[in-house]
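> Okay, structure incoming, though there's no sequence with it:
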């Protein structure tokens, strides 16, 4: 079992819809969770980070963390074609400082 | 916005050459990292540093070496480049080990 798992996609949504990206992690002691956006050929860009159970909103983005179920999700409201990218989930394992990246989910937003 | 810079952005060079990829940050971050990423593939940590004179190998074995003589500077060196080193190299820094990492624009390296 991988430490951080994501569906590789592609996830295709129409413009204006809500895109829901999911990530599960294996280490129950993990404390810090991050979402990065990576356009093809570019470097990862931090979108959101969340440390506590519940929701955290920033503009069109909402990160949701459920430690009991060991998943973290990213919702993108009013999806735009410019949101088309690979979204990387990253988790710092409990008891360590290691940041582990998932393989990413490719999102396609079509007009 | 993170201020972390990598040079060169692109490098095409022949086998056997010595290469140094530069990474600098102006935020005073103690923690710095090097990742390797092939197109469409996941990120792999190859080196990290928690401060001056501190360097550690990451999860992916790499023939590269790093140094950390100054807080702001974390160069990566390949003594003798080979085609298998062709990849994208990404540098990142963070304020603390559990804080978000911010990435530079990367160096796309091609060894002929």
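Thanks, I have it. These figures come from a predicted structure and were not determined experimentally.
> And the residue of chain A that's closest to chain B?
Taking CB to the nearest CB as the measure, chain A has residue A:97 as its residue closest to chain B, at 3.4 Å. Glycine gets a C-beta too; all of them are placed from N, C-alpha and C.
> for residue 8, what are its contacts?
Looking at chain A here, since you left the chain open. Contacts for residue A:8 (CB atoms under 8 Å, 6 or more residues apart in numbering or on different chains) come out as A:103, A:104, A:105, A:106.
> right idea, wrong chain: chain B
Residue B:8 makes contacts with B:21, B:22, B:107, as judged by CB under 8 Å, 6+ apart.
> go on, residue A:13?
Shown in contact with residue A:13 (CB under 8 Å, 6+ apart): A:19, A:79, A:107, A:108, A:109, A:110.
> most neighbours, which of the residues you listed?
In terms of neighbours by other CB atoms under 10 Å in any protein chain shown, the contacts of residue A:13 top out with residue A:19 at 24 neighbours.
> any idea which of the contacts of residue A:13 is closest to residue B:32?
residue A:107 (29.3 Å; CB to CB).
> ok, the helix or strand bottoming out on mean pLDDT in chain A near chain B or not?
One helix or strand of chain A scores below all others by mean pLDDT, DSSP states H and E: strand A:99-101, with a mean of 91. Yes - contact of strand A:99-101 with chain B (CB under 8 Å from any CB of the partner chain) involves A:99, A:101.
> Within its sheet, name the partner strands of that strand and how each one runs.
strand A:85-92 (antiparallel) (DSSP bridges).
> check the contacts of residue A:8 against chain B, which are close?
With CB under 8 Å from any CB as the criterion, the contacts of residue A:8 include A:103, A:104 near chain B.
> so which strand or helix has the residue in chain B that chain A sits nearest to?
Nearest residue of chain B to chain A: residue B:97, at 3.4 Å (CB to the nearest CB). Under the criterion DSSP states H and E, no helix or strand holds residue B:97.
> wait, what's in contact with it?
Shown in contact with residue B:97 (CB under 8 Å, 6+ apart): A:92, A:97, B:31, B:50.
> list the contacts for the first one?
This points to residue A:92. A:30, A:31, A:32, A:33, A:98, A:99, A:100, B:97, B:98.
> So among these, where is pLDDT lowest?
Across the contacts of residue A:92, the smallest pLDDT goes to residue B:97, namely 80.
> what does chain A put close to chain B?
A:31-32, A:34, A:41-46, A:49, A:88, A:90, A:92, A:97-99, A:101-104.
> And the buried ones among the residues you listed, selectable in PyMOL?
To isolate the buried members of these in PyMOL, using 16 or more other CB atoms under 10 Å in any protein chain shown:
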select buried, chain A and resi 32+34+43+44+46+49+88+90+92+98+99+101+102+103+104
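> could you pull out the strands for chain A?
Using DSSP state E, the strands of chain A run over A:4-5, A:11-14, A:19-25, A:32-38, A:45-50, A:54-58, A:61-66, A:71-76, A:85-92, A:99-101, A:105-110.
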